[in-house]
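S.K.: Below: sequence and its predicted model.
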Amino acid sequence: MNNISKILPIKKIEIPKFLTISSMMLMIIFIYSVERIVKDTIVINEMGAELISAIKLYGTLPSAVLAMIIYTKLSNEINKTKIFHIFNSAFVSYFLIFSFILAPNTEYIHMNLSSVKQNYPFLRYFVSIIENWSYSLYFILAELWGSVMLSLVFWQTANQVFKIDEAKRLYPLFGLVAQLGMISSGKLLELFSNKEVFQGGWQQSLEYINLSVLIAACFLSALYWVLTNKLVSKDIINAEIIKSKKKKPGFIESLKHVFSSKYIALIVILVLCYGVSINIVEGVWKAQAAAVYTDKQDYVRFMANLQTYTGYVCMVAMLTGSYILRLVSWKTAALFTPVMILTTGTIFYVFSIYQVEIAGLMPFLSVAPIAIAVFIGLLQNVLAKATKYAFFDSTKEMAYIPLDEALKSKGKAAADVIGGRLGKSGGALIQQFLLILALSFNPSISYLSPGQALISLSNILFMIFIIVMFLWIFSVHLLAKEFDKITEDKFKK
């Protein structure tokens, strides 16, 4: 093999294609990382941390289903190239409209439904979503960007272009290059939230942030054009649409085909468990972070530093992952992420629940216990994301490659878009159920400061977190058997 090196196992003939696709991922991750912080900043500061789980449940989940219906319909009518540009422009358009038109005029476009919340306290979170609809819609679209543009559209393109042996060498390296997007997003957000430079406050920062997103989206479309017009055949990218012209399966037929597959069902469980576990931990952590950083620009700067740290650690993890994937089995590599999240998540919850007791045993500490909990949560987030990008994404995408075109496309749409949203919405459902239950038995919770109600549920959320993690690990064992079997059968043929 004529590789650049053992560390970067890329053949010379693969360099143009690799650089183009990894640069696409860089732009997607940049936008995703920027909008992930912006959406949380808006909702947590304007609506409260509890509303994150409410929006994910009542808004993001049904929107994900709608996105899959739209994608399935479009994939039967037009090619993937047009679909890519449609989704790219649609998402970024709203981010810009919000920044320059809606955000400065929320006092005129938002509703006041406080009387409804007082009369129907169990509906207070749902009503708040409607009341602050522009914030909610921004959060929903920022969430869907990762599911649609990264998990579905990007990886589907990569799976059409690369074979299994190429994927083992190159997929971890996509993330390595893409982490530059996360690092640059952190540095850029740190600059745009600098109060000395941007003295116009949060509104000015928001406008500059989403102008940078527009530039990244334009580069993304240009890179996709280069890939589909200069580097690979359009017939490869649009292989499924060419085959499907003879018969166009409907949405219901596609779902029946997908969910009759045990293989896809196991992938869905993995995606679900990741989404639920991360959502349960991050919900409590973000509520604590918001209590420490009450100003929007300060909160953005803190999260921007998180992005930067995560990017650097992920780059190391990607290099390590590329090497490890060539040495260990699919099963071993797939277990790295749940084991890391289980370990770091447990440490975070133990300190969050017993932070006062632990702080009492260490009187030399000069900072508040909640600040220490926020720092531990930051470490948990960095390490969890690093193993996710290095191992979870790569092993999950490798699992699709041996499948036929129908399952590879429609199955991926169901597993990644609906599965991903159900995962995060599942964690949101758990949090919302517990919040409403607590509100029913103790109405005084509604008078707590934003985020405190969610923090008070840490004990119960920790127990649920442990159960989800063991389900994840068990599902990896089952999928590994199916993966080895289908791969062996395909090679025999």
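M.R.: Here it is on my side, so go on. Numbering: from 1, shown residues only.
S.K.: What is the neighbour count of the residue nearest to Ser425 when sequence neighbours are not counted?
M.R.: For Ser425, ignoring the flanking residues on the chain, the nearest one in space by CB to CB, 6 or more residues apart in numbering is Leu61 at 3.8 Å. Where you see a C-beta, it was placed from the backbone N, CA and C, and this is true even at glycine. Neighbours of Leu61 under the rule other CB atoms under 10 Å: 22.
S.K.: again, but for Thr20
M.R.: Applying other CB under 10 Å, I find that Thr20 has 18 neighbouring residues.
S.K.: quick one: contacts for it?
M.R.: 223, 226-227, 231 (CB atoms under 8 Å, 6 or more residues apart in numbering).
S.K.: sorry, back to before: which of the residues in the host helix or strand of the residue nearest to Ser425 are buried?
M.R.: Assigned by DSSP states H and E, Leu61 belongs to helix 61-75. Within helix 61-75, the residues that count as buried by 16 or more other CB atoms under 10 Å are 61, 63-64, 67-68, 70-72, 74-75.
S.K.: Ok, stretch 455-465 next?
M.R.: Buried residues in stretch 455-465 (16+ other CB under 10 Å): 455-458, 461-462, 464-465.
S.K.: Excluding chain neighbours, what is closest to Ile21?
M.R.: Nearest to Ile21 is Ala158, by CB to CB, 6+ apart, at 6.0 Å.
S.K.: So that neighbour: helix, strand or coil?
M.R.: helix (DSSP: H, G, I helix; E, B strand; the rest coil).
S.K.: from here on, count from 35
M.R.: All right, first residue 35 from here; so that's Ala192.
S.K.: And the spatially most central residue of the chain, how close does it get to Tyr434?
M.R.: Nearest to the mean C-alpha position of the chain, counting by CA atoms, centre = their mean, stands Gly180 at 5.2 Å. Using CB to CB, to the nearest Å, one obtains 18 Å as the distance from Gly180 to Tyr434.
S.K.: what would the buried residues of helix 95-109 look like in CSV with distance to Ile71 and pLDDT?
M.R.: Output for the buried residues of helix 95-109, formatted as CSV (distance: CB to CB, whole Å; pLDDT from 0 to 100):
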residue, distance to Ile71, pLDDT
Leu95, 22, 79
Ser97, 20, 88
Ala98, 21, 82
Ala101, 22, 86
Met102, 26, 80
Ile104, 27, 87
Tyr105, 26, 83
Thr106, 31, 80
Leu108, 30, 83
Ser109, 31, 77
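S.K.: from those residues, which is closest to Lys151?
M.R.: Leu95 (22.0 Å; CB to CB).
S.K.: Can you find the helix or strand in this protein with the smallest mean pLDDT?
M.R.: In the chain, the helix or strand scored least confidently by mean pLDDT, DSSP states H and E is helix 273-277, which has a mean of 47.
S.K.: tally of neighbours for the residue nearest to Ile55?
M.R.: By the criterion of other CB under 10 Å, Ala192 has 20 neighbours.
S.K.: got it, and Ile392?
M.R.: Ile392: 16 neighbours (other CB under 10 Å).
S.K.: How about the contacts made by it?
M.R.: 385, 403.
S.K.: That one in helix, strand or coil?
M.R.: Assignment for Ile392 (three-state DSSP): helix.
S.K.: so where does the closest residue in space to Ala324 that isn't next to it in sequence fall, helix or strand?
M.R.: What sits nearest to Ala324 in space, not counting adjacent residues and going by CB to CB, 6+ apart, is Ile78, at 4.6 Å. Using DSSP H and E, Ile78 maps to helix 49-80.
S.K.: Skip ahead from that helix and say which helix or strand is next.
M.R.: Per DSSP H and E, the helix or strand that comes after helix 49-80 is helix 84-89.
S.K.: And for that following helix, what's in contact with it?
M.R.: 74, 77-78, 159-160, 162-163, 170, 173-174, 313, 317, 320-321, 461-463, 465-466, 469, 484-485, 487-488.
S.K.: Next step: those restricted to strands.
M.R.: Of the contacts of helix 84-89, none are assigned to strands by DSSP state E.
S.K.: buried set for the lengthiest helix in the chain?
M.R.: For the chain, the helix with the greatest residue count under DSSP state H is helix 492-526. Residues of helix 492-526 classed as buried by neighbour count (16+ other CB under 10 Å): 492, 495-496, 498-499, 502-503, 505-506, 509-510, 513-514, 516-517, 521.
S.K.: Then stretch 46-54?
M.R.: 48, 51-52, 54.
S.K.: would CSV of the buried residues of stretch 489-499 with pLDDT and distance to Met58 be doable?
M.R.: Shown next, in CSV, are the buried residues of stretch 489-499 (pLDDT from 0 to 100; distance: CB to CB, whole Å):
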residue, pLDDT, distance to Met58
Ile489, 76, 39
Ser490, 77, 43
Leu491, 81, 40
Ser492, 84, 39
Leu495, 90, 36
Phe496, 91, 38
Ile498, 92, 37
Phe499, 92, 34
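S.K.: Closest one to Phe118 out of these, please.
M.R.: Closest to Phe118, out of all of those and judged by CB to CB, is Phe499, at 36.0 Å.
S.K.: and that closest one, what is it in contact with?
M.R.: Listed by CB under 8 Å, 6+ apart, the contact set of Phe499 reads 311, 314-315, 379-380, 383.
S.K.: Return the distance of it relative to Tyr388.
M.R.: Taken as CB to CB, the span from Phe499 to Tyr388 is 16 Å.
S.K.: One more: Thr344?
M.R.: 27 Å.
S.K.: JSON lines for the buried residues of stretch 489-499, including distance to Ala325?
M.R.: Below are the buried residues of stretch 489-499 laid out as JSON lines (distance: CB to CB, whole Å):
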{"residue": "Ile489", "distance to Ala325": "8"}
{"residue": "Ser490", "distance to Ala325": "12"}
{"residue": "Leu491", "distance to Ala325": "15"}
{"residue": "Ser492", "distance to Ala325": "13"}
{"residue": "Leu495", "distance to Ala325": "17"}
{"residue": "Phe496", "distance to Ala325": "19"}
{"residue": "Ile498", "distance to Ala325": "22"}
{"residue": "Phe499", "distance to Ala325": "21"}
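S.K.: any idea which of the residues you listed is closest to Met349?
M.R.: Closest to Met349, out of all of these and judged by CB to CB, is Phe499, at 27.9 Å.
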